[in-house]
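what shape does this take:
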Amino acid sequence: MLRCRNFLISIISLSILAFTISSYAEDEIEDLIDIAESKGKIIAIIEGRKTITFDLRPNEKLLWSGSRGHLGVFLTDQNFFVISTSLDAWQPLPLRLDESGKGVASLSPYIALLVTKDRAVGFDATSNRFIETLLPSQDELIAAEVERYVAVVITASRAFGLAAESSAFTEIFLRGGETIEEIKLTYSKATVRTSDRLLTFESKGSTWNELRLQ
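Sure, this is the predicted structure:
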C-alpha cells in the first residue's frame, strides 16, 4: 500500500511538473525574424522562409538594430525601420536631422518603441502601423520601457502608456513636486510608483488608474 501511494505521489508530481513546463513553454515567444545589414541593404528573413530587403540611402548610418518575437527593427540616422511577420516590406519612419542621435529605441515581441526629444513613436505588430505622440517641450525624459503588450514613456511632467492593438498613447499628468520612485512592467501592465501615487496602466483597457498614497 505504501509503495502504491508513493508511486501515485510520484505520478502526480511529474504531472504537475510537466504542466508547469508546458505552460512556461507556451508563454515563450520565439524570435521569428532574423535581421542583417549588408552592402547598403537591410535584410529581414521571416520565419526562415521569406527574405525582404530595403536599400538604404547613400551614407545612411546604422545606429541600432534588434529583433524579438514578431518584430525586427533598424534605427539609422535618417529613418526608423520596422518589419513584422505579417508584412511584405520594411516600414520606414523618416526622422528629422536632430532626432536620431538622441533617440532611445527598445523592443518587445509585439511593440517597437522610439523616443526622441520631441516625440514618442510606437509600432504595433498586430495593426502594423506607427502610433505617435508629441512630448512636452523641454521636458526631461525619465524612462522609456517596453514589455510584451505595453510600453511606457515617462517625462518630468507626464506618463504615457501604449498598449498592443490600441490606436493612441494614453497620458496622465504628474503633479508639481511629484517624483518617480519605481517603474515595473509585466507582460500586460505597467506600474509606476511616485512620491504621491501608485499609477497603473493596463493593456486591456489602455487606461491609467491611480491610487493616492497620502
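
got a list of what E165 touches?
124, 126-127 (Cβ atoms under 8 Å, 6 or more residues apart in numbering). Backbone N, C-alpha and C define where each C-beta goes, glycine included.

dump those residues to a markdown table, plus pLDDT.
Listed next are the contacts of E165 as a markdown table, based on pLDDT from 0 to 100:
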| residue | pLDDT |
| --- | --- |
| D124 | 95 |
| T126 | 91 |
| S127 | 93 |
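
which among those count as buried?
The neighbour-count test (16 or more other Cβ atoms under 10 Å) marks D124 as buried among the contacts of E165.

following element in sequence after the helix or strand bottoming out on mean pLDDT in the chain, please.
Within the chain, no helix or strand scores below helix 2-27, which has a mean of 37 by mean pLDDT, DSSP states H and E. Using DSSP states H and E, the helix or strand that follows helix 2-27 towards the C-terminus is strand 33-38.

tell me the strands beside that next one, with direction?
Strand 33-38 has its sheet partners listed here by DSSP bridges as strand 41-46 (antiparallel).

in the strand it pairs with, what's buried?
Neighbour-count burial for strand 41-46 [16+ other Cβ under 10 Å]: 42-46.

what's the answer for stretch 97-108, then?
99-100, 103-108.

now do stretch 138-147
Buried-residue list, stretch 138-147, by 16+ other Cβ under 10 Å: 141-147.

closest one of these to L174?
Minimum distance to L174 across these is 9.6 Å, recorded for I142 (Cβ to Cβ).
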